[in-house]
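Undergrad: Here is my input; please provide its structure:
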Amino acid sequence: MIMEEELRERYELAAERIREIAGEEPEHFADYFKKVAGYIIYVLSNYEKEDKEKDLEYLRKRNEETFSELLGDAYNESYLNPDHAAKKLGSFGRVLSFIYAEIYSLPMLIKDDKAFDVIILMELFIEVYIMINSSEAPSLKGVEEAAYYYGFDYAEELVRERIVETLVPSEGLAYRICMNADLNGEEYLYEYGEYIGENERGLSKYLASLSDEEIESIAKTFVGGFRRGFVTMNVPFEGKKTVNIRYSIGQERIVRAAVREFDKIGLKPILCRYAVSRINRKQVIRQGFTGITINMQFDYDHRNDDAFFLNKRFVERKLDIMRKVYEEYKEEAAAYAGPAVIESFGEETVEPAAKDEASSYTEAQEKLFTEFATRSGEIVNDYIPGDKYSFTIIAFPVPTVHEKFDEIFRETIRLNTLDNDKYTRIHQAMIDVLDKAAYVKVEGKGENETDMHIEMRRLQDPQHESQFENCVADVNIPVGEIFTSPLLEGTFGRLHVSQVYLNGLLYKNLKMDFKDGCVAGYSCSNFTDSEKSKNFIRENVLQNRDTLPLGEFAIGTNTAAYSMAKKYGIMGKLPILIMEKTGPHFAVGDTCYRHAEDTRIFNPDGKEIVSKENSFSKLRDTEPEKAYFNCHTDITIPFDELARIYTVNEDGSEVDIIRDGRFVLPGTEELNEELG
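TA: This next block holds a predicted model:
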């Protein structure tokens, strides 16, 4: 790592003291401190030098040793596991497990050349060691205060660092790898400092086997969708200079080609890792380049570790820092064109266990969590207005998706390049009917209890207005949905899905009841304890709120994606991006037009989309703290669980769109060809 003299001195002193700790026999928690000290020493010894000096055998071995405590059954006996930590360390287990989880990010911090971040973690470890072993009766309160002040004192540096790296392009680690490394071999993967497993190695190897023309075609689809988004969303492109490219490790050939395509339209790439520190990271979400999640249970166990410093004082400090840094970098923020995301799907999924010993929020902290989400969203929107940037998302499978990975990858490429004109025409047939409806009914079949009544607005000028957006392959690739922001008042019913993955978490038998467009009740069967199941939904879907409004109602039309998922048995592995195109879906949270309600948007037929807000987002100018929720979670009902989708007009007449999982509206029948 490159560091100034002052930091170098702090680093060397901390490293020397930790080496001493590894050889000592402390009175309290000796096994924990020797284990963590040994890990730190191992990482410092093996990650400071350039990987170019190491052979592949060494790199593979180091990789396995570095992350061994997250692999297989080893996690059950690791201090990274809060249950095991509590068993061995008693009441100190939770906070000491948090500290070790932060320290486990050292390989990534070293590779990112973040010397300051490395040093403060080493110093925190030493401080806690001294605090616990300088007294016959260690103080838990003292250790928790040390964790608190780690978050509070260093928020200035770490929050600033995070904002800057998401706004300012640099030729850092990811850029050097994507643009300069030899992508034909495996060695470059280990330069990231993250776990490199079967998916990363297999994906990189597979992409290396594709021709330059195939890779360029993928990149052009991706970048073309991003650029079209500005046209579709009626956002000015002039003055935009940067794009934040987010990807999964192993996709570097696509990123390299995309960087070159973005350069042709005048955009420089911003390539930064997801936030690894709990000071900046939100729950299990990863925004930035990342490896495939090595252990979802570990991520889930530590999702609320910010509880150690989440109080009013910390929230106000973090918000003040955010506003100050965004003001400093307001020119860079104004030049930001948006995120371009290459998702991955197909990794092994798990049903995480809810552990009593994992960190959790108090009721007061839940309120602070939502308050911070709202107020931080307002700050970001002040400098990067929602109606002044675009985005695009595309997704590709990883090798563990199926034994026929090659077939699924090529089928995904086909999905991403379906005929936009064909879907535009089919979508319009549905929109023409939906625009005349008083309300829409969605009904499940068999054991699916869905029975939703979606109230529609009455158009003032039907010749020139529409309620639904005709969505093809621009910001959301692949093609295949029409969507609206439904009228909340008068919308009610039950949404039921037998199984769904949301942000990597499995929900079994998910049911949500709505009244006047807002969540009025919910349940799932993840846990035998119904309260645990409700808390699981409240925390991860409702984002620690009592309710959320219905932000979107959509009908997915990509029957090719549905057919692929059924053929290979991978429905549960599809990302939301593709899953939402495989049936009707409802989103809880903000509308799709958050912060862009006043931008005029038109469908291909020239009609203006007028259903862009609801009774919450209408408050954006008078009570902005009540207008937005900074979340949007899509929940899809697959075609085979559908009995019927139909419109009901003012005169009571009904028009079927889907019946028994098949499209029956005239003009949409082509979609059934993919269903067989």
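Undergrad: So which residue is smack in the middle of this structure?
TA: residue 285 (4.4 Å; C-alpha atoms, centre = their mean).
Undergrad: isn't that one right up against residue 502?
TA: No. Judged on C-beta atoms under 8 Å, residue 285 makes no contact with residue 502 at a distance of 11.6 Å. In this view, the C-beta of every residue, glycine as well, is placed from N, C-alpha and C.
Undergrad: where does the stretch 301-450 of the chain have low pLDDT?
TA: By pLDDT under 70, the stretch 301-450 of the chain contains no weakly predicted segment.
Undergrad: where along it do the strands fall?
TA: Under the criterion DSSP state E, counting those that start in this stretch, strands of the stretch 301-450 of the chain are mapped to 336-345, 392-397, 439-444.
Undergrad: As CSV, those with distance to residue 50 would be great.
TA: Putting the strands of the stretch 301-450 of the chain into CSV (distance: least, C-beta to C-beta, whole Å) gives the following:
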stretch, distance to residue 50
strand 336-345, 27
strand 392-397, 30
strand 439-444, 57
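Undergrad: can you pull the pLDDT of the residue nearest to the centre of the chain?
TA: According to the per-residue confidence, residue 285 scores 88 in pLDDT.
Undergrad: how deep is the residue lying closest to it once chain neighbours are set aside tucked in, by neighbour count?
TA: Spatial nearest neighbour of residue 285, chain neighbours left out: residue 503 (6.8 Å); criterion: C-beta to C-beta, 6 or more residues apart in numbering. Counted with other C-beta atoms under 10 Å, the burial measure for residue 503 works out to 14 neighbours.
Undergrad: Spit out the contact partners of residue 503.
TA: 284-285, 540, 576, 633 (C-beta atoms under 8 Å, 6 or more residues apart in numbering).
Undergrad: Could you dump these into CSV and include distance to residue 558 and secondary structure?
TA: CSV is the format used below for these (distance: C-beta to C-beta, whole Å; DSSP: H, G, I helix; E, B strand; the rest coil):
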residue, distance to residue 558, secondary structure
284, 27, coil
285, 25, coil
540, 26, helix
576, 13, helix
633, 19, strand
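Undergrad: can you redo those as TSV with distance to residue 648?
TA: Converted to TSV, the contacts of residue 503 look like this (distance: C-beta to C-beta, whole Å):
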residue	distance to residue 648
284	40
285	39
540	34
576	29
633	27
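Undergrad: Single out the most deeply packed of the strands of the stretch 301-450 of the chain.
TA: Compared across the strands of the stretch 301-450 of the chain, strand 392-397 shows the largest average neighbour count, a mean of 24 (mean count of other C-beta atoms under 10 Å).
Undergrad: now for that strand, which elements pack on it?
TA: If contacts are counted by 3 or more C-beta pairs under 8 Å, 6 or more residues apart in numbering; DSSP states H and E, strand 392-397 sits against helix 212-232, strand 336-345, helix 405-416, helix 576-579.
Undergrad: Mind checking what secondary structure the closest residue to residue 467 other than its chain neighbours has?
TA: In space, not counting the residues next to it along the chain, residue 467 is nearest to residue 611; the distance is 4.2 Å by C-beta to C-beta, 6+ apart. Secondary structure assignment for residue 611 (DSSP: H, G, I helix; E, B strand; the rest coil): coil.
Undergrad: Next one: residue 611 from residue 454, what distance?
TA: Plainly put, residue 611 is 11 Å away from residue 454 if you go by C-beta to C-beta, to the nearest Å.
Undergrad: and what of residue 539?
TA: Note on residue 539: its distance to residue 454, by C-beta to C-beta, is 27 Å.
Undergrad: Those two: who's more crowded?
TA: When neighbours are counted by other C-beta under 10 Å, residue 454 comes out ahead of the other of residue 539 and residue 454, with 26 against 19.
Undergrad: From residue 514, how far out is that one?
TA: The value you get for residue 454 to residue 514, if C-beta to C-beta is used, is 9 Å.
Undergrad: Tell me the spacing between the residue nearest to the centre of the chain and residue 243.
TA: Applying C-beta to C-beta, the value for residue 285 to residue 243 is 20 Å.
Undergrad: residue contacts, residue 360?
TA: 304, 307.
Undergrad: Can you give me the distance of it to residue 230?
TA: From residue 360 over to residue 230 the distance is 42 Å, taken as C-beta to C-beta.
Undergrad: likewise residue 389?
TA: Counting by C-beta to C-beta, the gap from residue 389 to residue 230 is 9 Å.
Undergrad: Spatially, what comes nearest to residue 620 if we skip its sequence neighbours?
TA: Taking C-beta to C-beta, 6+ apart as the measure, residue 620 lies nearest to residue 627, with 4.1 Å between them; neighbours along the chain are not counted.
Undergrad: does the one you found really touch residue 619, like I thought?
TA: Yes. The pair formed by residue 627 and residue 619 meets the contact definition of C-beta under 8 Å, at 4.5 Å.
Undergrad: neighbour count winner among these two?
TA: More crowded of residue 627 and residue 619, by other C-beta under 10 Å: residue 627, with 23 against 15.
Undergrad: quick one, phi/psi of residue 502?
TA: Main-chain torsions, residue 502, degrees, to the nearest 10: phi -130, psi 120.
Undergrad: who touches it in this structure?
TA: Residue 502 sits next to 540-541, 576, 633, 635 when contact means C-beta under 8 Å, 6+ apart.
Undergrad: what pairs with it across the strands?
TA: residue 505 (DSSP bridges).
Undergrad: Okay, it and residue 509: tell me how far apart.
TA: Distance of residue 502 to residue 509, computed by C-beta to C-beta: 14 Å.
Undergrad: What separation is there between the closest residue in space to residue 431 that isn't next to it in sequence and residue 386?
TA: Once its chain neighbours are removed from consideration, residue 431 has its nearest residue in residue 468; the separation is 4.7 Å (C-beta to C-beta, 6+ apart). Residue 468 sits at a distance of 20 Å from residue 386 (criterion: C-beta to C-beta).
Undergrad: ok, these two, which is more surrounded?
TA: Regarding residue 468 and residue 386, a neighbour count based on other C-beta under 10 Å identifies residue 468 as having more, with 25 against 18.
Undergrad: my guess is the more buried one contacts residue 483, does it?
TA: Yes. Assessed by C-beta under 8 Å, residue 468 is found in contact with residue 483 at 6.4 Å.
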